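Student: I would like to see how this sequence folds:
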Amino acid sequence: MHGHGGYDSDFSDDEHCGESNKRKKRTVEDDLLLKKPFQKEKHGKVVHKQVAAELLDREEAKNRRFHLIAMDAYQRHTKFVNDYILYYGGKKEDFRRLGENDKTDMDVIRENHRFLWNEEDEMDMNWEKRLAKKYYDKLFKEYCIADLSRYKENKFGFRWRVEKEVISGKGQFCCGNKCCDEKEGLKSWEVNFGYTEHGEKRNALVKLRLCQECSFKLNFHHRRKEVKSKKRKDKAKKDSEESTHKKSRLSSAEETSKTKDKDVGNLISGSSAFSKTSLNIMEFTVHVLLKPGLENFEHYFTSM
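Tutor: Got it, this is the predicted structure:
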């Protein structure tokens, strides 16, 4: 008769039952909150054989992956080859690759290298040409290194300098011949380098710095063009200009001296006709002294 105005018993356990139900709900809610999204349900019974096999496979795959990551590429390759032979049969000799067609980066650069790259050469670029062009961009193309071993046949070899040679001064402050290390008496030369490259004939104007002996080898058949520094050229120009200026000055001075001699002669002849005390002579001398270009007339006249 609970809740209907009837009498209530003091020995009822309904309150305790309500509290226990609330506690159960709270524990269930707490478990749901604490449960992680990737957490699996707890099996109360024995696990099925298929589930156990899947778990074992996963653990074994983890172990294999760990061991494969610890290996390098060659060890991993040999392991795969051995496993293949173990399961499918065969010999290791069947897996040996032929190294006849193997190429390194230097082989690719030698095949596709160009002394000078034009716009036409950069039209169809594959990875091999791009590698050769990348190597070409790192070279220093101001002075060349020469091979003069076949100078008697009029055959020369030229190449651009590398970074180490630029730092050491080879080819600029040291002789540009690859077999010479002379540092004194160097001269600069311009050579029209004609060469054949990939079946095409090309020309390039090349600069060299060579010592006296190597310069003789370079000019063994015919003389090349020697390049002089700008300072020497400027000095030569100045000397030529000064010499021409001096000649013009001397010629102008000679002309003025001749005109002065004529004027003085005329003056002396005129003064002999008159007396020195007359006013006409005074006016004549003043008029002559005021003429332009006769500043030394007075000194010349008194020295007579």
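Student: Would you map the helices across the stretch 1-150 of the chain?
Tutor: Assigned by DSSP state H, counting those that start in this stretch, the helices in the stretch 1-150 of the chain fall at 14-34, 49-70, 73-88, 105-112, 127-137.
Student: Export only the CA atoms of the first one, formatted as CSV.
Tutor: In other words, helix 14-34. The C-alpha coordinates for helix 14-34 follow below in CSV (Å, rounded to 0.1, in the frame of the first residue of the first chain):
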residue,chain,number,x,y,z
ASP,A,14,12.9,-1.4,-0.8
GLU,A,15,15.2,1.5,0.0
HIS,A,16,18.3,-0.8,0.1
CYS,A,17,17.3,-2.4,-3.2
GLY,A,18,17.0,1.1,-4.8
GLU,A,19,20.5,2.1,-3.7
SER,A,20,22.1,-1.2,-4.9
ASN,A,21,20.4,-0.7,-8.4
LYS,A,22,21.8,2.9,-8.5
ARG,A,23,25.3,1.6,-7.7
LYS,A,24,25.1,-1.0,-10.5
LYS,A,25,24.0,1.7,-13.0
ARG,A,26,26.9,3.9,-11.9
THR,A,27,29.5,1.1,-12.4
VAL,A,28,28.1,0.3,-15.8
GLU,A,29,28.2,3.9,-16.9
ASP,A,30,31.8,4.3,-15.5
ASP,A,31,32.9,1.2,-17.4
LEU,A,32,31.4,2.6,-20.6
LEU,A,33,33.2,5.9,-20.1
LEU,A,34,36.5,4.3,-19.3
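Student: quick one: pLDDT of the nearest residue to residue 129 once chain neighbours are set aside?
Tutor: Once flanking residues are discounted, residue 129 sits nearest to residue 112: 5.2 Å by C-beta to C-beta, 6 or more residues apart in numbering. For glycine as for every other residue, the C-beta is placed from the backbone atoms N, C-alpha and C. Reported pLDDT at residue 112 in the predicted model: 92.
Student: what's residue 112 in contact with, if anything?
Tutor: With contact set as C-beta atoms under 8 Å, 6 or more residues apart in numbering, residue 112 has these partners: 128, 129, 131, 132.
Student: Mind doing that once more with 10 Å?
Tutor: By C-beta atoms under 10 Å, 6 or more residues apart in numbering, the contact list for residue 112 reads 121, 125-133, 135-136, 198.
Student: so how far is residue 198 from it?
Tutor: Residue 112 sits 9 Å away from residue 198, going by C-beta to C-beta, to the nearest Å.
Student: Overlap in contacts, these two.
Tutor: Taking C-beta under 10 Å, 6+ apart as the contact rule, residue 112 and residue 198 both touch residue 121.
Student: For the stretch 151-300 of the chain, which segments count as strands?
Tutor: For the stretch 151-300 of the chain, the strands defined by DSSP state E, counting those that start in this stretch occupy 157-161, 187-197, 200-210, 225-227.
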